[in-house]
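Chemist: Show me how the following folds:
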Amino acid sequence: MKGKKSKNIAVLSDKSLKWLKIGIIIPSAIGSIPYGWDEKTQKVVFLPSYKRHIVWTIHNLFYCWYLGFVVVRWIQYTIKESASSPKAVGTFYIMTSYWILMAGQYSVSKFYGEHHIWINNFLDFLKDIQQHQKHSLSTLSDGYTTCRNFLILVIFVFIADVWSCWTLPDAPFYISSIMPNPKILSKLELFPFVCLHIWIWAHQWSTMFFHVNTLVPYLVGLKNSLNILRFRIAEGTEELEYEPPNSSQAEMQTKSFGKYFRQMEVLNVVSNKLWSTANAILEISMLLGIICACYGTVRLDAARATQQGMIVILLTGTVIVLWGIMGELFETSMDVLYSWKAMKQNRWFRRFFKSCKPIRVNIGQGLFFADRGIKLTLLEIITTNVSSLLLSTSGSKGSLN
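Modeler: Predicted structure coming up:
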């Protein structure tokens, strides 16, 4: 869009792009995804090697085997005691927390070798809009703090998780899902189980890291792009509503907006295809994990309760922040479209405007989408179910014995 000159500010900061890059490099090094980062082109590349595919397959087969084992252990505790007993709830937490990996790996496996196309097209879009749309907004959102804080919390949870395994608390935890009485093990005998736990944990959270660190920069980038395309803010549109509807300036500006909005719609169709079902799985597993972890924070012993409390902070923060960003994208796109109503007297733009719908992030295939009220809905679900679970149980501590 042409118009008076203004300062050009990056649509997405270098820090956010750096975290997107980290979200590719770390999972790739662990073998959780079949993608890598090309430093020369600054793009994501598909790595279709048989060796990498075998490592990725072994990761997921072992993970599915262990998850099935935990399900059996949870059923045993539920039948032997009750569904609300500390053992059953603690094991159910372990089971639901491992569903988090299934969310990301469902997308990776179903659309194997397609995610890099979506990410690279998004990066090309950012480069294009940055070169052709000058703007002076200084309040654009940035997603790097979300990605950074997520990694910091994951590291703290990892330390607390390994410590809770090493100290063998009287509460359901990773090793107790494998062995009924892990306290009979010496530290030397315990060491292989801790290493195994670290392997499972690394695959789980690297997959989650790939999900968060690609989705957050994408959502923030689209939101910022929409904000700089807002009518009367986009360069050249300050007095556009006073131009004749069929003037060359009006034609150029409306078609420029239409071009970028259509590109964002296409990107979002691909994003929903890749992540909508994974988003639904992730939301369900996180909500169940938060509810069970809140229970564990109150009912279980010190070492495990500390780890459970950190899990509550991690998962609740992730759900509220990530789903909040998803909802903001829908609200922003709706507001931006509404701002361009002033140009509906242009015949071409009127037809284009009728075909436009706000950009939204789907949660599940056709189930629902993220909007402004989703954070309050999630908090209500968590509060109601935690209260019900705590009120339905008696005693203050959980024990394996």
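Chemist: middle-most residue in the protein, spatially?
Modeler: Against the mean C-alpha coordinate of the chain, by CA atoms, centre = their mean, the closest residue is V212 at 3.7 Å.
Chemist: For the host helix or strand of P217, which helices and strands make contact with it?
Modeler: If you go by DSSP states H and E, P217 is part of helix 187-228. Under the contact definition 3 or more CB pairs under 8 Å, 6 or more residues apart in numbering; DSSP states H and E, helix 187-228 sits against helix 14-30, helix 50-80, helix 86-110, helix 115-132, helix 144-166, helix 248-299, helix 302-339. For the C-beta atoms, the positions are set from N, CA and C on the backbone; glycine is no exception.
Chemist: who's in contact with A160?
Modeler: Applying CB atoms under 8 Å, 6 or more residues apart in numbering to A160 gives the contacts T306, Q307, M310.
Chemist: ok so, going back, can you flag the weakest of the helices and strands packed on helix 187-228 by average pLDDT?
Modeler: Between the helices and strands packed on helix 187-228, the one with the least mean pLDDT is helix 144-166; it has a mean of 75.
Chemist: and the closest residue to F150 other than its chain neighbours, what does it touch?
Modeler: The shortest distance from F150 to any non-neighbouring residue, by CB to CB, 6 or more residues apart in numbering, is to V212 (5.6 Å). V212 makes contacts with G23, T146, C147, F150, T318, L322, as judged by CB under 8 Å, 6+ apart.
Chemist: sorry, back to before: may I see the helices and strands packed on helix 187-228 organised as JSON lines, with distance to P192 added?
Modeler: Converted to JSON lines, the helices and strands packed on helix 187-228 look like this (distance: least, CB to CB, whole Å):
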{"stretch": "helix 14-30", "distance to P192": "19"}
{"stretch": "helix 50-80", "distance to P192": "14"}
{"stretch": "helix 86-110", "distance to P192": "19"}
{"stretch": "helix 115-132", "distance to P192": "34"}
{"stretch": "helix 144-166", "distance to P192": "12"}
{"stretch": "helix 248-299", "distance to P192": "25"}
{"stretch": "helix 302-339", "distance to P192": "20"}
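Chemist: distance of the residue nearest to the centre of the chain from V321?
Modeler: Distance of V212 to V321, computed by CB to CB, to the nearest Å: 9 Å.
Chemist: Over to N279?
Modeler: Taken as CB to CB, the span from N279 to V321 is 14 Å.
Chemist: okay, those two: which has more neighbours?
Modeler: Between N279 and V321, N279 has the larger neighbour count (other CB atoms under 10 Å), namely 26 against 18.
Chemist: What sits closest to the more buried one if chain neighbours are left out?
Modeler: I363 (4.9 Å).
Chemist: I figured the one you found was touching S276, is that so?
Modeler: Yes - checked against CB atoms under 8 Å, the pair I363 and S276 is within contact range at 6.7 Å.
Chemist: the more surrounded of those two?
Modeler: A direct count of neighbours by other CB under 10 Å for I363 and S276 places I363 higher, at 24 against 18.
Chemist: ok, residues contacting the helix or strand harbouring S388?
Modeler: If you go by DSSP H and E, S388 is part of helix 374-391. The contact list for helix 374-391 (CB under 8 Å, 6+ apart) reads 84, 89, 283, 287, 290-292, 294-295, 298-299, 316, 319-320, 323-324, 326-327.
Chemist: now that helix against helix 86-110, angle please.
Modeler: Interaxial angle, helix 374-391 versus helix 86-110 (axes from the mean of the first three to the mean of the last three CA atoms, to 10 degrees): 150 degrees.
Chemist: and helix 374-391 with helix 302-339, angle?
Modeler: 150 degrees.
Chemist: Could I get the average pLDDT for helix 374-391?
Modeler: Averaged across helix 374-391, pLDDT comes to 74.
Chemist: just to revisit the earlier point, looking at the contacts of V212, which is nearest I75?
Modeler: Using CB to CB, T318 comes nearest to I75 of those, at 28.4 Å.
Chemist: mind checking how far the closest one is from E331?
Modeler: With CB to CB as the criterion, T318 and E331 are 20 Å apart.
Chemist: Of these two, which one has the most company?
Modeler: Ranked by neighbour count (other CB under 10 Å), T318 and E331 place T318 first, with 21 against 15.
Chemist: Am I right that the more buried one is in contact with E283?
Modeler: No - the pair T318 and E283 fails to qualify as a contact (CB under 8 Å) at a distance of 10.4 Å.
Chemist: Give me the nearest residue to F352, chain neighbours excluded.
Modeler: Spatially, and ignoring its direct neighbours in sequence, F352 is nearest to G258 (5.1 Å; CB to CB, 6+ apart).
Chemist: Kindly apply the preceding question to K18 instead.
Modeler: Closest to K18 by CB to CB, 6+ apart is Y144, at 7.2 Å.
Chemist: from memory that neighbour sits against K21, does it?
Modeler: No - using CB under 8 Å, Y144 makes no contact with K21, being 11.2 Å away.
Chemist: Look at the two and report which has more neighbours.
Modeler: Higher neighbour count among Y144 and K21: Y144, with 21 against 16, using other CB under 10 Å.
Chemist: How much space separates that one from Q253?
Modeler: Y144 is 32 Å from Q253, by CB to CB.
Chemist: what does N272 give?
Modeler: Here N272 is placed at a distance of 29 Å from Q253 (CB to CB).
Chemist: which one of those two has more residues nearby?
Modeler: Q253 (25 against 18).
Chemist: buried residues in stretch 256-271?
Modeler: Buried residues in stretch 256-271, defined by neighbour count with 16 or more other CB atoms under 10 Å: S256, F257, G258, Y260, F261, Q263, M264, L267, N268, V270, S271.
Chemist: Can you give me the buried ones in stretch 336-349?
Modeler: V336, L337, S339, W340, M343, N346, F349.
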